[in-house]
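Engineer: When you get a sec, could you give me coordinates for this:
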Amino acid sequence: MSTPAFAERRHLIQAYFDRTALDAWRQLTSDAPVSKIRATVRAGRDRMRALMLSWLPPDLQQARVLDAGCGTGAFSFELARRGAEVIGIDVSANLVEIARDRTPSSLGGGIIDFRVGDMLDHGCGEVDHVVAMDSLIHYETPDTVAALVRLARQTRRSIIMTLAPRTPALTVMHNVGKIFPRGDRAPAIVPASMTALRRHIGNEPGLADWRVNRSERVMSGFYTSQAIELVRL
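Structural biologist: A predicted model of the protein is given here:
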């Protein structure tokens with residue numbers, strides 16, 4: 001089970017994407033014109049997705065991949081094009097509906113099963129890889145590590161996620177961002193200390209057979225995110 005804090009935060013994120021920010025997110029994840037602020041976020045997300053994809057095998061045939069927090073489906077589409085069987089899951093029913101509508105007619109041999117629900121739901125079954133792009137950035141470090149333990153139980157090879165790194169520049173940027181219209185703000189991002197995260201992972205018995213393999217930061221205007229790869233030993 002997720003902690004009460006995790007469950008409460010998840011509910012807030014679901015409400016945000018299903019109500020407050022649905023139209024803005026639909027635009028951000030499309031080719032439609034957006035504000036300069038959102039354009040930097042779009043560019044950053046594109047760079048981050050490309051980075052995370054580069055950490056996965058180019059051939060994912062015979063592999064099952066969980067896209068945890070799949071949003072409007074862009075990452076799922078790329079995984080399927082590499083031949084993967086993809087489970088794309090998100091708490092936002094509206095985002096999943098957009099993902100289904102945007103699914104290309106041909107995925108090059110891969111398949112996608114889009115679902116509405118909790119990314120920690122073990123009903124997804126065992127997978128080879130998990131990708132969690134910008135879906136754990138809303139949680140405190142202990143809750144993030146608890147989520148990793150849950151995901152690790154069903155994952156055979158790697159977990160690739162992003163977090164918002166706690167840096168002075170990012171703290172200032174988040175504070176400055178509060179002066180912009182609410183539609184241009186990111187929802188409830190919790191900056192994380194990378195040192196504290198590594199310590200929590202190293203001290204967590206449920207991750208004893210996992211290690212942090214790679215970590216890289218992407219910065220693009222109002223988008224700053226840290227990619228982290230955990231691999232099973």
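
Engineer: Pro142: neighbouring residues, count only.
Structural biologist: 14 (other CB atoms under 10 Å). Every C-beta, even on glycine, is put in place using the N, C-alpha and C of the backbone.

Engineer: Repeat that for Pro33.
Structural biologist: Pro33: 8 neighbours (other CB under 10 Å).

Engineer: Show me how far stretch 159-168 is from its chain's centre.
Structural biologist: 10 Å (CA atoms, centre = their mean, to the nearest Å).

Engineer: ok, and what's touching that stretch?
Structural biologist: Outside stretch 159-168, the residues that touch it by CB atoms under 8 Å, 6 or more residues apart in numbering are 48, 52, 55-56, 129-137, 144, 148, 151-152, 170, 189-194, 197, 210, 217, 224-230.

Engineer: now the strands for this protein?
Structural biologist: 64-68, 85-90, 111-116, 127-132, 155-163, 210-220, 223-232 (DSSP state E).

Engineer: mind putting those strands in TSV, distance to Ala15 included?
Structural biologist: Converted to TSV, the strands of the chain look like this (distance: least, CB to CB, whole Å):
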stretch	distance to Ala15
strand 64-68	19
strand 85-90	13
strand 111-116	14
strand 127-132	20
strand 155-163	22
strand 210-220	27
strand 223-232	23
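
Engineer: The nearest residue to Met194 once chain neighbours are set aside and Thr40, how far apart?
Structural biologist: Excluding the flanking residues, the one nearest Met194 by CB to CB, 6 or more residues apart in numbering is Pro165, at 5.8 Å. Per CB to CB, to the nearest Å, Pro165 is found 17 Å from Thr40.

Engineer: What is the biggest helix by length in the chain packed up against?
Structural biologist: Longest helix in the chain by number of residues (criterion: DSSP state H): helix 36-54. Packing partners of helix 36-54 (3 or more CB pairs under 8 Å, 6 or more residues apart in numbering; DSSP states H and E): helix 22-28, helix 74-81, strand 155-163, strand 210-220, strand 223-232.

Engineer: any idea of the mean pLDDT in the shortest one?
Structural biologist: Spelled out, that is helix 22-28. For helix 22-28, the mean pLDDT works out to 92.

Engineer: by contact count, what packs against that helix?
Structural biologist: Short answer (3+ CB pairs under 8 Å, 6+ apart): helix 22-28 packs on helix 36-54, helix 93-102.

Engineer: List buried residues within the contacts of stretch 159-168.
Structural biologist: The neighbour-count test (16 or more other CB atoms under 10 Å) applied to those identifies 48, 52, 55-56, 129-137, 144, 148, 151-152, 170, 189-192, 194, 197, 210, 224-230 as buried.

Engineer: Of the helices and strands packed on helix 22-28, which is nearest Phe75?
Structural biologist: helix 36-54 (5.8 Å; CB to CB).

Engineer: contacting residues around the closest one?
Structural biologist: Contacts of helix 36-54 (CB under 8 Å, 6+ apart): 24, 27-29, 34, 74-75, 78-79, 131, 133-134, 160, 162, 180, 184, 186, 216, 218-225, 227.

Engineer: Check those for burial and list the buried ones.
Structural biologist: Buried among the contacts of helix 36-54 (16+ other CB under 10 Å): 24, 27-29, 34, 74-75, 78-79, 131, 133-134, 160, 162, 184, 186, 218-220, 222-225, 227.

Engineer: Now distance to His11 and mean pLDDT too, for the helices and strands packed on helix 22-28, in CSV please.
Structural biologist: Putting those into CSV (distance: least, CB to CB, whole Å; pLDDT from 0 to 100) gives the following:
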stretch, distance to His11, mean pLDDT
helix 36-54, 24, 97
helix 93-102, 13, 97
